[in-house]
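S.K.: please find the sequence and the predicted model below.
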Amino acid sequence: MPIPVPQSSSTFDSETNLTNGRSGTGSMPAGPGSLIAELEAATHEASQQRRVQMLRRVTDLFVGNAGVLGEDQADIFGDVIGHLIQRVETEALVDLGSRLAPLENAPNTIIQSLARHDEIAVAGPVLSRSIKLTDDDLIEIARSKGQDHLGAISERNRIAAAVTDILVERGSASVVRKLSRNQGADFSDSGFQQLTDRAVDDEHLAQNLAQRVDLPTGLLERLVSEATDAVRARMLAAAPPDRRGAIEAALASASSRVLRNATVQRDFDGAQARIAAMTKNGSFNEAAMMQFANGKQYEDMVAGLAKLSSAPIKLIDQLMSQARHDGIVVLCKAASIRWPVCSAILMNRFPKHEMSAGELERARSDYLRLSPATAQRALRFWLIRGVARTQTETGE
């Protein structure tokens with residue numbers, strides 16, 4: 001069946017010869033009649049080389065006239081190109097995708113086919129640039145394809161939150177880092193929460209998020225409060241001038257919150273008395289510590305840790321008030337407190353702060369990696385340093 005070519009437009013008459021020799025495959029036919037004949041022959045051509053040559057020439061003609069072609073005419077080219085790409089090598093498809101991706105009126109059927117191609121060299125340019133792809137298209141592809149395809153979608157100028165939700169959920173570290181740098185990407189509250197959870201274990205992601213003006217203030221405060229001093233410094237150094245003020249404010253807020261927790265007047269005398277009585281009757285053990293933690297009995301947790309580690313109440317209180325988990329992990333390991341109890345203490349030491357799953361897993365990894373001997377050396381160092389500081393302050 002002959003392939004229809006619109007006769008109402010003079011485009012093919014006036015523009016056909018503009019592509020002569022453009023692709024190095026010979027001259028285009030002189031008129032529309034010979035073009036139709038070649039297109040018809042090409043759709044049935046068995047020769048791989050011949051089909052590739054014709055694909056390039058048809059693509060040349062479409063790209064050269066894309067600005068004046070209507071939707072119906074673009075669809076005709078899509079039909080022809082669709083026939084030609086059925087049996088061509090990947091290299092030809094890579095060239096086709098790269099040339100069609102930036103065009104607003106590229107044939108939709110071809111764009112859809114290229115975007116779902118398993119080879120990222122073919123799909124990548126279309127996924128990252130083509131405006132023909134809808135959010136529904138991108139969601140479908142993001143759910144079904146691999147990390148390279150997700151990475152290409154992450155490069156788009158504009159990405160809706162419905163799409164970024166899938167990218168954050170399925171994307172590798174490389175994908176979410178790229179996505180977090182993309183200022184044209186929108187995120188839902190859930191998406192930002194998941195990114196912040198992942199940033200606990202990814203310093204590059206944390207730095208990227210700190211530079212986003214759309215990151216909610218509460219998450220920015222959490223981000224900077226959980227970062228190391230070195231990462232905080234890099235956050236500030238990498239941030240544009242108009243963003244540094246927000247980061248500095250988040251740092252100040254986080255520091256103030258920790259300071260308030262640390263300076264609350266607490267009565268540890270009663271807790272110490274309870275621990276002493278429980279020790280005397282044999283009821284003070286890890287089960288009791290677990291009960292203190294689950295009941296958010298802060299003073300009893302501190303007094304119990306002091307008893308188990310032979311460390312002063314003041315030191316335990318300081319470690320418990322820090323946003324980072326390191327001090328409590330060292331303390332529990334030095335006191336031979338098992339991980340279930342240690343994790344309960346970590347999760348319940350602040351009245352209004354809950355550890356994320358990512359934070360807790362990082363603490364667990366540190367706990368398992370830390371040897372009792374190393375933990376005990378660290379605790380002795382803290383004790384010696386505390387004694388020295390006290391002597392300096394009192395003039396002894």
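M.R.: Yep, it's here. Numbering: from 1, shown residues only.
S.K.: OK, contacts around residue 94?
M.R.: Contacts for residue 94 were tallied using CB atoms under 8 Å, 6 or more residues apart in numbering; they are 119, 121, 122. Any C-beta I mention is one placed from the backbone N, CA and C, and that applies to glycine too.
S.K.: switch to 7 Å and redo it
M.R.: 121, 122 (CB atoms under 7 Å, 6 or more residues apart in numbering).
S.K.: try the one 5 residues further on
M.R.: Contacts for residue 99 (CB under 7 Å, 6+ apart) come out as 59, 63.
S.K.: surely it forms part of a helix?
M.R.: Yes: under DSSP: H, G, I helix; E, B strand; the rest coil, residue 99 sits within a helix.
S.K.: show the pLDDT at it.
M.R.: What the model reports for residue 99 is a pLDDT of 84.
S.K.: and for residue 54?
M.R.: Listed pLDDT for residue 54 reads 72.
S.K.: now do residue 282
M.R.: On the pLDDT scale, residue 282 is placed at 92.
S.K.: what does it show for phi and psi?
M.R.: Taking degrees, to the nearest 10, you get phi 80, psi 10 for the backbone angles of residue 282.
S.K.: how is the chain partitioned into domains?
M.R.: By the record's domain assignment, the chain is partitioned as 1-130, 268-394 (automatic domain parsing).
S.K.: least reliable of those domains going by mean pLDDT?
M.R.: Looking at these, the lowest mean pLDDT belongs to domain 1-130 (a mean of 66).
S.K.: quick one, what contacts the nearest residue to residue 299 once chain neighbours are set aside?
M.R.: With sequence-adjacent residues excluded and distances taken as CB to CB, 6 or more residues apart in numbering, residue 299 is closest to residue 271, at 3.9 Å. With contacts defined as CB under 7 Å, 6+ apart, the neighbours of residue 271 are 299, 300, 302, 303.
S.K.: quick one: secondary structure of residue 271?
M.R.: Once three-state DSSP is applied, residue 271 turns out helix.
S.K.: residue 305 is in contact with residue 275, correct?
M.R.: No: taking CB atoms under 7 Å as the contact criterion, residue 275 and residue 305 are not neighbours in contact, 9.8 Å apart.
S.K.: before we move on, back to that, distance of the residue nearest to residue 299 relative to residue 375?
M.R.: Here the distance between residue 271 and residue 375 works out to 24 Å (CB to CB, to the nearest Å).
S.K.: over to residue 270?
M.R.: Remark: distance between residue 270 and residue 375 (CB to CB) = 29 Å.
S.K.: the two: who's more crowded?
M.R.: Summary of the neighbour comparison: residue 270 and residue 375, criterion other CB atoms under 10 Å, with residue 375 having more neighbours (20 against 12).
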